[in-house]
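A.B. asks: here is a sequence together with a model predicted from it:
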Amino acid sequence: MTVLVAGGAGYIGAHVVRVLQEQNTDVVVVDDLSTGRSDRIGGAPLVELDVAGENAVEVLTETMKKYNTTAVIHFAAQKQVGESVARPAFYYHQNINGLANVIQAMENSGTRDLVFSSSAATYGMPPVPVVEEDVVMKPINPYGETKLIGEWMGRAAGKAWGLRFAGLRYFNVAGSGWDDLGDPAILNLIPMVLDRVAQGKAPLIFGADYDTPDGTCVRDYIHVLDLAKAHVAALDYLKRDERPYDVFNVGTGEGTSVRQIIDGLAAASGLDIQAEIRERRAGDPPHLVGSSQRINEVFGWEAEKNLEDILTSAWTAWQEGPNRIDA
């Protein structure tokens, strides 16, 4: 079995690649290296490609045939909520066209199993404190819309030609499984905080007047290694004859606020970190926490890492990178 990991040189993708390699599974990586790095994939073959590009279907089809791929794990997408509000056409082009090209190449090459990196942004602002997968989907930003459409595409291909599809909806991913695989892009909350501190600036909190316990947004934070293992477990699920569900939340079921993350980073690092409050960002729901009951019961997967593990591993990985912070 060879697994193609689209976006495999990025933060989550590189963790999935390493988990697969440690299981002696053959891997080929497709990545445009816009946020990923080629030294993170442990010697796996790399095809440098924008999956939303004009010739992507041909290159992906050739790659899948060359390496005899049996499954794809798809991460290659743009993922900033605020940017998606400002640049909706760009997000629709990259995320929807990119996935469409991957699915077309899978059909062309006979690659049948797809694990899709979806998002809790598909839910929007659900009227419940803990979200289950069958809640009405009402995304409130273009990023979430593209992920929901991606799920529709996977489901439609399943009906059309037998694609076996599983979408994983996760919330905020953080931490590091290995110090050399820390989050390399300044796109998620924790590296954004540490990047500001490294520059001698105060980290930013966008909105402190939400209807939450401390006024800042609350999210379900999942350790990246737990998330990577969930994607690998999804590959095993797709081999089953009976697959009652095609979407799964991946989380802990517990909420943590932005302010709690920043205070926890201060404790993990020993730094005095004082945040600066800014206006709310467009498209940010105040509270988003997911039920993980379905994936617990169906996959037998459970998150093993807690918030302290996330923050401590994120800090030690950051200190191994190029912008080490002297306490």
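C.D. replies: That came through, no problem.

A.B. asks: now do the strands in the stretch 51-200 of the chain.
C.D. replies: Under the criterion DSSP state E, counting those that start in this stretch, the stretch 51-200 of the chain carries strands at the ranges 69-74, 113-117, 164-170, 172-174.

A.B. asks: save these as a markdown table, and put in mean neighbour count too.
C.D. replies: In short, each C-beta sits where N, CA and C put it, glycine included. Shown next, in a markdown table, are these (neighbours: other C-beta atoms under 10 Å):
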| stretch | mean neighbour count |
| --- | --- |
| strand 69-74 | 24 |
| strand 113-117 | 26 |
| strand 164-170 | 23 |
| strand 172-174 | 23 |
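
A.B. asks: could these go into JSON lines alongside mean pLDDT and distance to residue 232?
C.D. replies: What follows is the strands of the stretch 51-200 of the chain, written out as JSON lines (pLDDT from 0 to 100; distance: least, C-beta to C-beta, whole Å):
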{"stretch": "strand 69-74", "mean pLDDT": "98", "distance to residue 232": "8"}
{"stretch": "strand 113-117", "mean pLDDT": "98", "distance to residue 232": "9"}
{"stretch": "strand 164-170", "mean pLDDT": "97", "distance to residue 232": "11"}
{"stretch": "strand 172-174", "mean pLDDT": "93", "distance to residue 232": "15"}
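
A.B. asks: of those, which approaches residue 43 most closely?
C.D. replies: strand 69-74 (17.4 Å; C-beta to C-beta).

A.B. asks: before we move on, the earlier item: turn the strands of the stretch 51-200 of the chain into TSV, columns for distance to residue 191.
C.D. replies: Converted to TSV, these look like this (distance: least, C-beta to C-beta, whole Å):
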stretch	distance to residue 191
strand 69-74	22
strand 113-117	18
strand 164-170	17
strand 172-174	9
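
A.B. asks: out of those strands, flag the one nearest residue 295.
C.D. replies: Closest of those to residue 295 is strand 164-170, at 8.0 Å (criterion: C-beta to C-beta).

A.B. asks: between that closest one and strand 113-117, how many degrees?
C.D. replies: If you take axes from the mean of the first three to the mean of the last three C-alpha atoms, to 10 degrees, strand 164-170 sits at 20 degrees to strand 113-117.

A.B. asks: just how off-centre is strand 164-170 within its chain?
C.D. replies: In terms of C-alpha atoms, centre = their mean, to the nearest Å, the gap separating the centre of strand 164-170 from the centre of its chain is 11 Å.

A.B. asks: got the angle for that strand vs strand 69-74?
C.D. replies: 30 degrees.

A.B. asks: and the pLDDT at residue 327?
C.D. replies: Note for residue 327: predicted pLDDT of 66.

A.B. asks: what's the domain layout of the protein?
C.D. replies: The chain breaks down into these domains under automatic domain parsing: 2-173+221-250, 176-219+252-319.

A.B. asks: sorry, back to before: so which of the strands of the stretch 51-200 of the chain is nearest residue 301?
C.D. replies: strand 164-170 (10.2 Å).

A.B. asks: could you say what helices and strands that closest one packs with?
C.D. replies: Packed against strand 164-170 by the contact rule (3 or more C-beta pairs under 8 Å, 6 or more residues apart in numbering; DSSP states H and E) you find strand 113-117, helix 142-161, helix 224-238, strand 247-250.

A.B. asks: contacting residues around stretch 222-232?
C.D. replies: Counting by C-beta atoms under 8 Å, 6 or more residues apart in numbering, stretch 222-232 makes contact with 11-12, 15-16, 18-20, 23, 73, 115, 117, 168, 170-177, 181, 183, 248, 250-252, 295, 299, 301, 303-305, 309-310, 313, all of which sit outside it.

A.B. asks: what does residue 25 show for phi and psi?
C.D. replies: Main-chain torsions, residue 25, degrees, to the nearest 10: phi -90, psi 130.

A.B. asks: will you turn the domains of the chain into CSV that also has distance to residue 325?
C.D. replies: Output for the domains of the chain, formatted as CSV (distance: least, C-beta to C-beta, whole Å):
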stretch, distance to residue 325
domain 2-173+221-250, 19
domain 176-219+252-319, 5
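
A.B. asks: just those domains: most buried one?
C.D. replies: Ranked by average neighbour count under the criterion mean count of other C-beta atoms under 10 Å, the domains of the chain are headed by domain 2-173+221-250 at a mean of 20.

A.B. asks: gap between the two ends of that domain?
C.D. replies: For domain 2-173+221-250, the first-to-last residue distance is 24 Å (C-alpha to C-alpha, to the nearest Å).

A.B. asks: what does stretch 45-58 give?
C.D. replies: 18 Å.

A.B. asks: who touches the lowest-mean-pLDDT helix or strand in the chain?
C.D. replies: Lowest by mean pLDDT, DSSP states H and E among the helices and strands of the chain is strand 287-288, with a mean of 88. The contact list for strand 287-288 (C-beta under 8 Å, 6+ apart) reads 120, 123, 125-126, 129, 131, 171, 210-212, 217-220, 255.
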